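# 3D, please:
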Amino acid sequence: MAYEWHENRTSFFKQRLIQFWAGDEGLTLFSIALGLSIFVVSPLHEAAIHGRMILDIVIAALMISGALVLRKGRITTPLVILVTVAAVAVQWIGHGVTSNRFREFSTALIIVSLLLFVRIVLLVVFQEGPIRWNRIQGGVAAYLLLGLAWAFAYQLAEEIRPGAMHFASPPGDPHQLTGKLVYFSFVTLTTVGYGDISAVHPLARSLATAEALVGQLFPAILIATLVTMAMQARRES
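Down below sits the predicted model:
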């Protein structure tokens, strides 16, 4: 009896998660949390340390639930969960650690977790079904995730090779460094290029060039794919 109740409750929970990600709620909540993290918390990190912690937990929980719903392979789902939990834990442990190696490891974990979730979001966007607003939100969320992943890639380059990035006003601490590089990443992704921050080291320059190319190609490919899916769905209906 207890086993049956547990099975029914687990099945109900899974069904709710599937509905959450199949509808607008999952990607809407994720897009809001991501937007707050990028455009509010990152520039004002010192004044919003607790907000950052809450948003990190929300984003990590969404990443894990998305991986559980999709179940794309026996290795992928546990890998996403492991990397996501490790990235959040190491990031917050790192607030009191001054070791450069530890910071580099933490930054690398964040990059891997962001790229894994780009994959999850795109799988949700391109799954079978009607083209609805949630797919557009998913495309925007994937675009923002790519910008964040590149920001931490620049940070890793700066941590490995200090001076890889040139700043008009140098950051005073690691939190300011992250905020400045998030800004630089999205300026590069959208090919605006104000020039107050620039890539100096060859590795950083390669990253900037690749990001600028992806920033132009990703929206075009996304829109073309969604239009093609919509036309195919209309023919089949």
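# gap between the residue nearest the centre of the chain and residue 86?
The residue at the geometric middle of the chain, judged as the C-alpha nearest the mean C-alpha position with Cα atoms, centre = their mean, is residue 145 (3.3 Å). Applying Cβ to Cβ, to the nearest Å, the value for residue 145 to residue 86 is 18 Å. Bear in mind the C-beta positions are built from the backbone N, C-alpha and C, glycine included.
# before we move on, what about residue 164?
With Cβ to Cβ as the criterion, residue 164 and residue 86 are 25 Å apart.
# And for residue 172?
28 Å.
# Repeat that for residue 56.
In this structure, residue 56 lies at 13 Å from residue 86, with Cβ to Cβ as the measure.
# got it, and residue 102?
The separation that residue 102 has from residue 86, given Cβ to Cβ, amounts to 13 Å.
# Those two - which one has more neighbours?
Each of residue 102 and residue 86 had its neighbours counted (other Cβ atoms under 10 Å), and the higher figure belongs to residue 86 (16 against 13).
# Which residue, neighbours along the chain excluded, lies closest to the more buried one?
For residue 86, the nearest residue in space outside its immediate sequence neighbours is residue 109; the separation is 5.7 Å by Cβ to Cβ, 6 or more residues apart in numbering.
# Residue 33 now?
For residue 33, the closest residue by Cβ to Cβ, 6+ apart turns out to be residue 58, at 4.9 Å.
# Pretty sure that neighbour sits against residue 34.
No: under the criterion of Cβ atoms under 8 Å, residue 58 lies out of contact with residue 34, with a separation of 9.6 Å.
# okay, the two: which has more neighbours?
More neighbours sit around residue 34 than around the other of residue 58 and residue 34, counting by other Cβ under 10 Å; the figures are 23 against 17.
# looking at this, that one is in a helix?
Yes: under DSSP: H, G, I helix; E, B strand; the rest coil, residue 34 falls within a helix.
# OK, contacts around it?
Listed by Cβ atoms under 8 Å, 6 or more residues apart in numbering, the contact set of residue 34 reads 59, 141, 144-145, 148.
# do residue 111 as well
Contact analysis of residue 111 by Cβ under 8 Å, 6+ apart lists 149, 152-153, 156.
# nearest to residue 209, of those residues?
Ranked by distance to residue 209 (Cβ to Cβ), the contacts of residue 111 are led by residue 153 at 12.5 Å.
# What pLDDT does the model give the closest one?
Model confidence at residue 153, expressed as pLDDT, equals 96.
# Where does it fall, secondary structure wise?
When elements are assigned from DSSP states H and E, residue 153 belongs to helix 133-160.
# following that helix, which helix or strand shows up next?
Toward the C-terminal end, the helix or strand that comes next after helix 133-160 (DSSP H and E) is strand 165-167.
# Remind me what that following strand packs against, helices and strands.
Using 3 or more Cβ pairs under 8 Å, 6 or more residues apart in numbering; DSSP states H and E as the contact criterion, the secondary-structure elements in contact with strand 165-167 are helix 133-160, helix 174-189, strand 197-199.
# and the angle for the second one with helix 133-160?
This points to helix 174-189. 120 degrees (axes from the mean of the first three to the mean of the last three Cα atoms, to 10 degrees).
# contacts for helix 174-189?
Applying Cβ under 8 Å, 6+ apart, the contact partners of helix 174-189 are 38, 42-43, 45-46, 103, 143, 146-148, 150-152, 154-155, 158, 165, 167, 171, 193-194, 197, 208, 211-212, 214-215.
# Only the buried residues of that helix, if you could.
By neighbour count on 16 or more other Cβ atoms under 10 Å, the buried set for helix 174-189 is 174, 176-189.
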